[in-house]
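Chemist: Give me the fold of what follows.
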Amino acid sequence: MIPVNKPFLPKIDEYISYLNGIWDRVSLTNNGPLVVELEKQLESYLELQHLKLVSSGTIALQIAIKALKLKGEIITTPFSYVATTSSIVWQECEPTFVDIDPGTLNIDPQKIAAAINGNTTAILATHIFGNPCDIDAIMEIADEFDLKVIFDASHCFGSMYKGRSVYSYGDISTASFHATKVFQTVEGGAVVTKDADLAESVDLMRNFGHDGPLKFSGLGINGKNSEFHAAMGLCNLKYIDELLEVRRRQTQLYDDLLGDLRVIKPETLPLSKSNYSYYAVIFESESELLKVQERLSSQQIYTRRYFYPSLNKLDYVNKQYLPIAEDIAPRILCLPLFHDLKPSEQEVICSSIAEVIRKKVFVSNG
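Modeler: Numbering: from 1, shown residues only. The predicted structure is shown next:
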């Protein structure tokens with residue numbers, strides 16, 4: 001059986017060494033020493049100013065919207081995980097969708113200005129599959145219209161734009177450290193900002209607004225992460241360069257094996273560097289995709305239709321016709337990609353795809 005994803009786990013003895021300290025201190029949560037240490041190490045590794053760990057990438061988005069005091073309409077992408085849209089609605093704002101670029105599959109900056117009106121307060125853009133958006137273009141529009149910018153960078157640990165971590169851009173960038181991500185803390189996420197005052201607000205919001213044991217400053221929720229999750233993160237951070245390099249090699253092998261087939265991949269902008277978090281392919285038609293998925297499933301090889309359906313079709317948003325997103329979403333499929341995926345398994349996957357679309361695949365000698 002080949003799953004679509006499998007979390008990387010460190011050696012269990014490494015994790016247990018952190019657990020022994022947790023047992024000795026009997027400090028499980030509430031901004032414990034491992035949480036503080038992981039925040040410091042992530043800020044150092046990624047060269048960031050303020051990173052605040054939270055309980056999930058979704059909570060990170062909700063806190064980001066609340067911390068920026070957003071109201072009214074938020075321009076966003078229809079091609080993302082549902083949390084991007086649901087967080088906007090959850091915070092009682094209205095998502096206004098802008099169609100995607102057919103190459104990168106990220107929000108198309110050239111279409112943003114036409115969607116801005118007097119009720120627009122922000123842009124929430126997702127870096128799809130770890131491939132950065134056209135950040136400069138989005139920031140220029142935001143500056144022109146005095147809008148806040150949140151980048152949903154859930155897929156992006158290790159992704160770069162103009163030589164810097166994508167987390168360093170926007171008023172706020174959010175991260176997900178869910179078990180399916182390249183860097184995982186089992187469950188978790190982060191809110192990242194350059195603004196010290198904003199970071200302080202996030203710090204209060206993630207812990208009920210506690211400003212000391214007997215004082216509350218503003219509205220907050222329970223968005224904290226635990227020592228157990230931080231321990232997993234501290235273990236995994238030691239391996240992150242290896243994890244990223246393995247995924248790069250796996251991606252290159254997929255590219256080689258699928259190079260002669262009628263499938264296309266999302267593009268990466270010249271100023272960007274992907275972290276190879278997913279391997280997505282776009283087929284000529286939905287029927288072809290379904291045949292490929294059925295063929296692979298019959299061999300216990302599992303894939304994911306990510307992202308489907310287009311978010312403008314959700315039952316709690318105002319419906320908008322977005323032809324590119326609605327065309328791409330039924331035709332895109334994520335293939336298995338995880339740390340110990342073997343080249344021989346990739347060859348089987350690609351040979352099966354080739355059989356379905358009646359093309360010959362050239363098996364790698366590597």
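Chemist: contacts, neighbours, all on C-alpha from now
Modeler: OK.
Chemist: residue ranges with poor pLDDT in the chain?
Modeler: Within the chain, the segments meeting pLDDT under 70 span 359-366.
Chemist: Would you tell me which helix is longest in it?
Modeler: Secondary structure of the chain read by DSSP state H shows that its longest helix is helix 240-257.
Chemist: Could you point out the helix or strand that follows that one?
Modeler: Downstream of helix 240-257, the next assigned helix or strand under DSSP states H and E is strand 272-273.
Chemist: Give the residue farthest from the middle of the protein.
Modeler: In terms of distance from the mean C-alpha position of the chain, L214 ranks first, at 36.5 Å (Cα atoms, centre = their mean).
Chemist: State whether that one is indeed within a helix.
Modeler: No. Using DSSP: H, G, I helix; E, B strand; the rest coil, the secondary structure at L214 is coil, not a helix.
Chemist: which residues does L341 contact?
Modeler: Going by Cα atoms under 8 Å, 6 or more residues apart in numbering, L341 touches no other residue.
Chemist: Distance of it relative to D255?
Modeler: Noted for L341: a distance of 15 Å to D255, by Cα to Cα, to the nearest Å.
Chemist: what's the answer for V317, then?
Modeler: Relative to D255, V317 is positioned 37 Å away (Cα to Cα).
Chemist: As a check, name the ranges of all strands in the stretch 101-250 of the chain.
Modeler: 120-126, 148-152, 160-161, 164-165, 172-176, 189-193 (DSSP state E, counting those that start in this stretch).
Chemist: As CSV, those with distance to L61 and mean neighbour count would be great.
Modeler: Converted to CSV, the strands of the stretch 101-250 of the chain look like this (distance: least, Cα to Cα, whole Å; neighbours: other Cα atoms under 10 Å):
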stretch, distance to L61, mean neighbour count
strand 120-126, 9, 26
strand 148-152, 7, 26
strand 160-161, 20, 22
strand 164-165, 18, 18
strand 172-176, 6, 30
strand 189-193, 8, 28
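Chemist: export these to JSON lines and tack on distance to S285?
Modeler: Converted to JSON lines, the strands of the stretch 101-250 of the chain look like this (distance: least, Cα to Cα, whole Å):
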{"stretch": "strand 120-126", "distance to S285": "25"}
{"stretch": "strand 148-152", "distance to S285": "29"}
{"stretch": "strand 160-161", "distance to S285": "32"}
{"stretch": "strand 164-165", "distance to S285": "35"}
{"stretch": "strand 172-176", "distance to S285": "31"}
{"stretch": "strand 189-193", "distance to S285": "35"}
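Chemist: among these, which is nearest N275?
Modeler: strand 160-161 (8.0 Å; Cα to Cα).
Chemist: Which residues does the closest one contact?
Modeler: With contact meaning Cα under 8 Å, 6+ apart, strand 160-161 is reached by 132, 135, 166, 271-274.
Chemist: follow-up on the earlier one: by contact count, what packs against the longest helix of the chain?
Modeler: Helix 240-257 is packed against helix 343-356, with contacts defined by 3 or more Cα pairs under 8 Å, 6 or more residues apart in numbering; DSSP states H and E.
Chemist: what is the orientation angle of the helix it packs on with helix 240-257?
Modeler: For helix 343-356 against helix 240-257, the angle by axes from the mean of the first three to the mean of the last three Cα atoms, to 10 degrees is 30 degrees.
Chemist: can you tell me the distance between the two ends of stretch 215-227?
Modeler: Stretch 215-227 has its terminal residues 24 Å apart, counting by Cα to Cα.
Chemist: ah, wrong one, I meant stretch 148-164
Modeler: 20 Å.
Chemist: ok now it, how far from the chain's centre?
Modeler: 9 Å (Cα atoms, centre = their mean, to the nearest Å).
Chemist: how long is stretch 15-34 end to end?
Modeler: 12 Å.
Chemist: So which of the contacts of strand 160-161 wins on neighbours?
Modeler: Counting neighbours by other Cα atoms under 10 Å, V166 leads the contacts of strand 160-161 with 30 neighbours.
Chemist: I'd assumed D152 was in contact with that residue.
Modeler: No. The criterion here is Cα atoms under 8 Å, and V166 misses it with D152 at 9.9 Å.
Chemist: Among the strands of the stretch 101-250 of the chain, which comes closest to L322?
Modeler: Ranking the strands of the stretch 101-250 of the chain by proximity to L322 (Cα to Cα) places strand 120-126 first, at 15.9 Å.
Chemist: where do the helices sit along the stretch 1-150 of the chain?
Modeler: Taking DSSP state H, counting those that start in this stretch, the helices of the stretch 1-150 of the chain run over residues 12-25, 33-46, 57-67, 82-90, 135-145.
Chemist: Name the residues of the longest helix of the chain that come out as buried.
Modeler: Within helix 240-257, the residues that count as buried by 16 or more other Cα atoms under 10 Å are 240, 243-244, 246-247, 250-251, 253-254, 257.
Chemist: neighbours around D197, how many?
Modeler: D197, neighbours per other Cα under 10 Å, totals 10.
Chemist: And for W90?
Modeler: By the other Cα under 10 Å criterion, the neighbourhood of W90 contains 12 residues.
Chemist: tell me the contacts of it?
Modeler: Q62 are the contacts of W90 under Cα under 8 Å, 6+ apart.
Chemist: Please apply the same query to A60.
Modeler: Counted by Cα under 8 Å, 6+ apart, A60 has contacts 54, 174-175, 189-191.
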